[in-house]
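*Asks:* sequence? don't have it. structure:
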């Protein structure tokens, strides 16, 4: 039997619903490919009283036709029922559940529920009627609904203002694997990449279990990226568009917004987004919220300015990699990434992407710093004045992507560096760091103690300029499980 990785708390919550003395309505939602269906199947294999998966971009009539097939199968009916609407569909479901002789709780699994709710289908109204007038009145029903369209799950179930208001008894948001869980998964499949390689994999595809299942574990990372994206039969060549199409009705507008954000890896304010794309007002607010619900972007408050100046940044590694290196490649060829990955531009991209890996492992960083139990807040900071001129001749403002503000009046100013050896701090870089800390103190007017913290792959090399670093975190710390 294949080892099941992670999700212990989620399994415990689902089993608690199954063992309770009342009917339960549980929902699982999260990004496409994150493992929602796999989790439910693993937890309740062989215990389903009814199982149906919605059809993507299929009409109302086709949904009902396939639902009737499932009714016939699970009810062992000689004749397939004819269903004219969702009210009749749920009536048929009630009938086969009533006829069940099993004394255990009846598990109903409606996978990809948002796809069932086609225009003018009255699916939600029928679901409300099924739950409120029948299922909730019993003590032997466990209804599990999943959906990749996170916005639909939140708006129609969690924030329902009608018959399903406050009816959800268990909600589980399924996130991607962290580095520790990715390593555990790869080791279970006899993949022997070291942590440096696994971190690079994470920069390309993130912690999505389905993508890891596509890997050839006896090959290098570069060979796998070629197979998944650049070969003639690349399995993920169209995944970007499938991902957004599955989660948003108006996918084109969302991809336009995401592409603008990707062009500004340091993040964009709402005003900057409005100037870059033809979106503003309530429509933009809804889109930003929906993207964040799906873990595709993340909003970061700027230090000392919690209300204004929020930065929005794409934090889905797959999206970032696809739009940077896959989108627009016309002629697919083998060994493309093997040659491309050694170029300076990719090396620079890895450095920027490692910052994002660190931002998404803030708990591990706090744990390594010994402040896990302390009250902290995380933010970023942009200077209002230029600190230096970059290689293109443009003025570059001082910026800190991760600030950890502790309740004991100590602030960690974090620098994140990705390299294949210990990171060397030069005299020039030490001077820039001191200038940045001075600008930060002047602009924020903070009187708290500043602690310069480096998060690197292999640590900071010893040297005359390394003394400016007061605390360090390495990728080994990022792989540690969180000890609660």
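*Replies:* Looks like it came in fine. Quantities reported herein were computed from a predicted structural model and do not represent experimental measurements.

*Asks:* distance of residue 270 relative to residue 302?
*Replies:* Distance of residue 270 to residue 302, given as C-beta to C-beta, to the nearest Å: 12 Å. To be clear about C-beta, it is placed using only N, CA and C from the backbone, and glycine gets the same treatment.

*Asks:* hmm, I typed the wrong one, I wanted residue 140.
*Replies:* 52 Å.

*Asks:* returning to that earlier point: spit out the residues that contact residue 270 and residue 302 alike.
*Replies:* Jointly contacting residue 270 and residue 302 under the rule C-beta atoms under 8 Å, 6 or more residues apart in numbering are residue 310.

*Asks:* circling back: neighbour count winner among residue 140 and residue 302?
*Replies:* Legend: neighbour count by other C-beta atoms under 10 Å for residue 140 and residue 302, higher for residue 302 (20 against 16).

*Asks:* show me where pLDDT drops low in the stretch 201-350 of the chain?
*Replies:* Flagging of the stretch 201-350 of the chain using pLDDT under 70 yields the residue ranges 306-307, 330-332.

*Asks:* can you pull out the helices in it?
*Replies:* Taking DSSP state H, counting those that start in this stretch, the helices of the stretch 201-350 of the chain run over residues 209-213, 221-225, 239-247, 251-262, 270-276, 281-293, 317-321, 336-340, 344-359.

*Asks:* tell me which of those helices sits most buried.
*Replies:* Ranked by average neighbour count under the criterion mean count of other C-beta atoms under 10 Å, the helices of the stretch 201-350 of the chain are headed by helix 317-321 at a mean of 22.

*Asks:* which strands and helices sit next to that one?
*Replies:* helix 195-205, helix 239-247, helix 251-262, helix 344-359 (3 or more C-beta pairs under 8 Å, 6 or more residues apart in numbering; DSSP states H and E).

*Asks:* elements contacting the second one?
*Replies:* With contacts defined as 3+ C-beta pairs under 8 Å, 6+ apart, the packing partners of helix 239-247 are helix 251-262, helix 317-321.

*Asks:* hmm, who's touching it?
*Replies:* 31-33, 56, 148-151, 251, 254-255, 258, 294, 318-319, 322-323, 326-327.

*Asks:* what do you get for the third one?
*Replies:* When contacts are taken as C-beta under 8 Å, 6+ apart, the neighbours of helix 251-262 outside the stretch itself are 240-241, 244-245, 248, 267-268, 273, 276-277, 279, 287-288, 290-291, 296-297, 312-314, 319-320, 323-324.

*Asks:* recalculate using a threshold of 6 Å.
*Replies:* For helix 251-262, contacts defined as C-beta atoms under 6 Å, 6 or more residues apart in numbering pick out 244, 245, 248, 268, 276, 277, 287, 314, 323.

*Asks:* any idea how far the residue nearest to the first one when sequence neighbours are not counted is from residue 315?
*Replies:* If the residues on either side of it in the chain are set aside, residue 244 comes closest to residue 251, at 4.3 Å by C-beta to C-beta, 6 or more residues apart in numbering. Taking C-beta to C-beta as the measure, residue 251 falls 19 Å from residue 315.

*Asks:* can you give me the strands for the chain?
*Replies:* 24-29, 48-53, 106-111, 141-147, 170-173, 297-300, 311-314, 376-389, 395-406, 410-417, 449-456, 471-474 (DSSP state E).

*Asks:* adding mean neighbour count and distance to residue 436, write those strands out as a markdown table.
*Replies:* Listed next are these as a markdown table, based on neighbours: other C-beta atoms under 10 Å; distance: least, C-beta to C-beta, whole Å:
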| stretch | mean neighbour count | distance to residue 436 |
| --- | --- | --- |
| strand 24-29 | 23 | 40 |
| strand 48-53 | 20 | 52 |
| strand 106-111 | 21 | 50 |
| strand 141-147 | 25 | 44 |
| strand 170-173 | 18 | 36 |
| strand 297-300 | 19 | 18 |
| strand 311-314 | 22 | 18 |
| strand 376-389 | 15 | 6 |
| strand 395-406 | 18 | 5 |
| strand 410-417 | 22 | 8 |
| strand 449-456 | 19 | 9 |
| strand 471-474 | 18 | 17 |
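
*Asks:* put together a markdown table for these, with distance to residue 185 on each row.
*Replies:* A markdown table is the format used below for those (distance: least, C-beta to C-beta, whole Å):
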| stretch | distance to residue 185 |
| --- | --- |
| strand 24-29 | 19 |
| strand 48-53 | 24 |
| strand 106-111 | 22 |
| strand 141-147 | 21 |
| strand 170-173 | 20 |
| strand 297-300 | 23 |
| strand 311-314 | 24 |
| strand 376-389 | 27 |
| strand 395-406 | 26 |
| strand 410-417 | 24 |
| strand 449-456 | 23 |
| strand 471-474 | 21 |
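
*Asks:* which of these comes out lowest on mean pLDDT?
*Replies:* Out of the strands of the chain, strand 376-389 stands lowest, with a mean of 81 (criterion: mean pLDDT).

*Asks:* what packs against that strand?
*Replies:* strand 395-406 (3 or more C-beta pairs under 6 Å, 6 or more residues apart in numbering; DSSP states H and E).

*Asks:* and the strand it packs on, which strands flank it?
*Replies:* strand 376-389 (antiparallel), strand 410-417 (antiparallel) (DSSP bridges).

*Asks:* quick one: it to helix 344-359, angle?
*Replies:* Here strand 395-406 points in a direction 30 degrees away from that of helix 344-359 (axes from the mean of the first three to the mean of the last three C-alpha atoms, to 10 degrees).

*Asks:* show me how far strand 395-406 is from its chain's centre.
*Replies:* Relative to the chain's own centre, strand 395-406 is displaced by 24 Å; criterion: C-alpha atoms, centre = their mean, to the nearest Å.

*Asks:* what sits closest to residue 44 if chain neighbours are left out?
*Replies:* Spatial nearest neighbour of residue 44, chain neighbours left out: residue 107 (5.1 Å); criterion: C-beta to C-beta, 6+ apart.

*Asks:* list the contacts of the one you found.
*Replies:* Neighbour list for residue 107: 44, 47, 48, 49, 142 [criterion: C-beta under 6 Å, 6+ apart].

*Asks:* returning to that earlier point: how about CSV for the helices of the stretch 201-350 of the chain, with distance to residue 434 added?
*Replies:* As requested, these are arranged in CSV below (distance: least, C-beta to C-beta, whole Å):
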stretch, distance to residue 434
helix 209-213, 42
helix 221-225, 37
helix 239-247, 42
helix 251-262, 32
helix 270-276, 29
helix 281-293, 35
helix 317-321, 31
helix 336-340, 37
helix 344-359, 21
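
*Asks:* which stretch among these comes nearest residue 369?
*Replies:* Residue 369 lies closest, by C-beta to C-beta, to one member of these: helix 344-359, at 12.4 Å.

*Asks:* tally up the residues packed near residue 231, please.
*Replies:* Neighbour count of residue 231, defined by other C-beta under 10 Å: 17.

*Asks:* hmm, it is touching residue 334, no?
*Replies:* Yes: look at residue 231 against residue 334 with C-beta atoms under 6 Å: they come within range, at 5.4 Å.
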